[in-house]
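> Sequence plus the predicted model coming up.
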Amino acid sequence: MNAPVNYDSALEEARRDAASLPLSEIDVSDPTLFQNDVYYPYFERLRREAPVHYRKDGKYGSFWSVTKFKDIMAVETRPDIFSSEAKRGGISITDRPMEFRRSSFISMDPPRHDEQRKVVSPIVAPANLNNMSGIIRERVCRVLDSLPRDEPFDWVKLVSIELTTLMLTTLFGFPEENRHKLTYWSDVATQDVNAGGEVDSEEKRLEILTDAVRTFTAMWHDRAAKPPGFDLISMLAHGEATKNLVNDPAEFLGNLTLLIVGGNDTTRNSMSGGLWAMCKNPAEWQKLREDPSLVTSLVPEIIRWQSPIVHMRRTAVVDTELGGQHIKAGDKVVMWYISGNRDEDSIDRPNEFIVDRARPRHHLSFGFGVHRCVGNRLAEMQLITLWEEMLKRFPRIELLEEPERIYSNFIHGISRMMVRIPS
């Protein structure tokens with residue numbers, strides 16, 4: 001399904017709908033709101049009138065929506081009250097049957113979360129990021145120099161997917177010639193079963209991802225038999241808290257998909273969404289051309305603006321209160337990062353894209369607290385390098401049509417974006 005033919009009229013219709021619906025009937029879990037890019041007015045109303053909002057029997061069941069920055073932070077910082085555990089529901093608004101809930105360190109609470117996260121965190125430590133900077137720049141230059149001039153092409157396919165997938169091959173020590181498998185597995189892991197694609201059931205998802213388990217299990221045994229290396233599979237195979245992970249296929253797959261998706265979707269969709277934002281805000285692009293040093297504030301602004309992860313879910317483990325609302329033990333609590341990043345009370349002029357924003361890292365796109373994205377600096381480094389090299393090569397890139405976005409309330413993704421680089 002593509003974006004609406006007439007975006008302006010679709011947004012106007014969404015504004016009327018968001019204003020006229022009874023609060024109890026607003027359901028921000030509907031993926032078409034994000035696919036059609038018309039979610040803004042619904043969250044604006046919730047932030048204004050019901051910052052902690054209960055929707056009963058919505059598209060994805062009954063849940064609390066947390067839409068303001070400070071309330072999201074309150075949830076993030078209390079894992080003892082708001083659990084990420086897979087067995088309680090995990091991190092997605094989708095309620096999967098118990099047999100399809102795959103544990104990973106992002107869907108664990110401390111202390112197990114901390115023990116497993118610590119195993120992989122060295123790969124994104126400052127010293128290793130410095131070691132990877134050369135290969136990242138070389139790849140960016142190679143990809144940009146190969147782009148066609150004066151003819152339409154899909155930026156998502158030729159740039160965003162290619163660069164992020166190449167990065168995954170480095171992180172996993174994965175054969176570069178088979179890198180398309182990583183993109184495929186990442187998409188399969190996050191695809192909504194109602195999107196009309198290949199993954200039409202949880203059984204189908206597991207069937208496809210079983211190939212990923214087989215592939216990585218072979219890599220695991222190979223690296224476990226060798227001295228520790230500096231890739232994610234070797235780290236997991238030799239880590240004290242994860243060395244037996246391969247013996248639990250469900251948890252092994254959970255961590256694999258976490259690392260693949262985490263290394264792919266945030267960066268991929270920020271690479272696409274950032275170009276879209278700059279094309280829509282030519283005065284900001286001109287500001288960047290005149291002062292290329294602004295790239296370091298541009299990148300976190302892109303990540304805030306795109307909000308590549310739409311939401312994270314928690315489950316209350318005890319009765320509690322949030323924003324004046326009584327939340328019961330067992331209730332589903334959904335933090336809408338995409339709304340918190342537009343909160344007028346926490347971010348100055350949040351609906352404007354500003355490349356020289358004073359506090360550009362004041363956003364929620366990487367989460368907060370114990371679950372803050374472990375690879376956030378790597379994502380920023382890839383995006384900074386991309387924009388530095390783009391500025392050297394392309395005075396202009398033309399957006400030819402509105403991007404096509406994916407059907408998802410979890411990944412804020414762009415599937416296709418046709419552009420042209422004038423010579």
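Right, received. Where do you want to start?
> If you rank every helix and strand of this structure by mean pLDDT, what lands last?
Per-element confidence for the chain was summarised using mean pLDDT, DSSP states H and E. The lowest value among helices and strands belongs to helix 112-120, with a mean of 83.
> so where is the stretch 101-250 of the chain shaky, pLDDT-wise?
Scanning the stretch 101-250 of the chain for pLDDT under 70 picks out no residues.
> Not counting its own residues, what contacts the least confident helix or strand of the chain?
Contacts to helix 112-120, defined as CB atoms under 8 Å, 6 or more residues apart in numbering, come from residues 79, 84, 104-106, 108, 232, 235-236, 239-242, 255, 259, 370-371, 374. The way it works is simple: take the backbone N, C-alpha and C, and place the C-beta from them, glycine included.
> one more time with 6 Å, if that's ok
105, 232, 235, 239, 241-242 (CB atoms under 6 Å, 6 or more residues apart in numbering).
> can you check stretch 152-167 too?
Contacts to stretch 152-167, defined as CB under 6 Å, 6+ apart, come from residues 139, 143, 179, 182-183, 264, 267-268, 271-272, 400, 414, 416-420.
> can you rerun that using 8 Å?
Outside stretch 152-167, the residues that touch it by CB under 8 Å, 6+ apart are 136, 139-140, 143-144, 146-147, 176, 179-180, 182-183, 263-264, 267-269, 271-272, 275, 378, 382, 386, 397, 400, 403, 414-420.
> Give the buried residues for stretch 333-345.
Using 16 or more other CB atoms under 10 Å as the test for burial, stretch 333-345 gives 333-343.
> which of those residues sit farthest apart?
Pairwise distances among the buried residues of stretch 333-345 were taken by CB to CB; the largest, 19.5 Å, belongs to 333 and 342.
> For residue 186, what is the enclosing helix or strand?
helix 180-190 (DSSP states H and E).
> So which bits of that helix are buried?
Residues 181-190 are the ones in helix 180-190 that count as buried (16+ other CB under 10 Å).
> tell me the helices in the stretch 151-300 of the chain, going along the chain?
Secondary structure of the stretch 151-300 of the chain (DSSP state H, counting those that start in this stretch): helices located at 155, 162-172, 180-190, 202-224, 232-238, 249-280, 282-290, 295-306.
> Equivalent analysis for the stretch 301-423 of the chain, please.
Shown for the stretch 301-423 of the chain, the helices assigned by DSSP H, counting those that start in this stretch span residues 337-340, 376-393.
> again, but for the stretch 1-150 of the chain
For the stretch 1-150 of the chain, the helices identified by DSSP H, counting those that start in this stretch occupy 7-20, 31-35, 40-49, 69-76, 112-120, 126-145, in order along the chain.
> on that earlier part again, tabulate the contacts of helix 112-120 (TSV), appending neighbour count and distance to residue 91.
Converted to TSV, those look like this (neighbours: other CB atoms under 10 Å; distance: CB to CB, whole Å):
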residue	neighbour count	distance to residue 91
105	24	11
232	25	20
235	19	22
239	18	22
241	16	20
242	20	19
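> Let me have those in CSV, extended by distance to residue 359.
Written out in CSV, the entries for the contacts of helix 112-120 read as follows (distance: CB to CB, whole Å):
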residue, distance to residue 359
105, 29
232, 32
235, 34
239, 36
241, 35
242, 36
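> The residues you listed: which two are farthest apart?
232 and 241 (14.1 Å).
> Residue 176: neighbour count?
Other residues near residue 176 come to 10 when the count uses other CB atoms under 10 Å.
> With residue 208 instead?
Other residues within reach of residue 208, judged by other CB under 10 Å, total 16.
> Now it. Nearest residue, chain neighbours left out?
residue 188 (4.9 Å; CB to CB, 6 or more residues apart in numbering).
> one step back: ok, residues contacting the helix holding residue 186?
Contact partners of helix 180-190, identified using CB under 8 Å, 6+ apart, comprise 161, 165, 168-169, 172, 174, 198-199, 205, 208-209, 211-212, 215, 257, 260-261, 264-265, 408, 410-411.
> Show me how to select, in PyMOL, the buried members of the residues you listed.
Under the burial definition 16+ other CB under 10 Å, those of the contacts of helix 180-190 that qualify are selected in PyMOL by:
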select buried, resi 161+165+168+169+172+174+199+205+208+209+212+215+257+260+261+264+265+408+410+411
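> ok, and the closest non-adjacent residue to residue 298?
Here the nearest residue to residue 298 in space, its sequence neighbours aside, is residue 355; by CB to CB, 6+ apart that works out to 4.5 Å.
> Please read the previous query as pertaining to residue 14.
For residue 14, the spatially nearest residue (CB to CB, 6+ apart) is residue 38, at 3.8 Å.
> Quick check: residue 363 touching residue 339?
No - no contact is recorded between residue 363 and residue 339 when judged using CB atoms under 8 Å, the distance being 11.9 Å.
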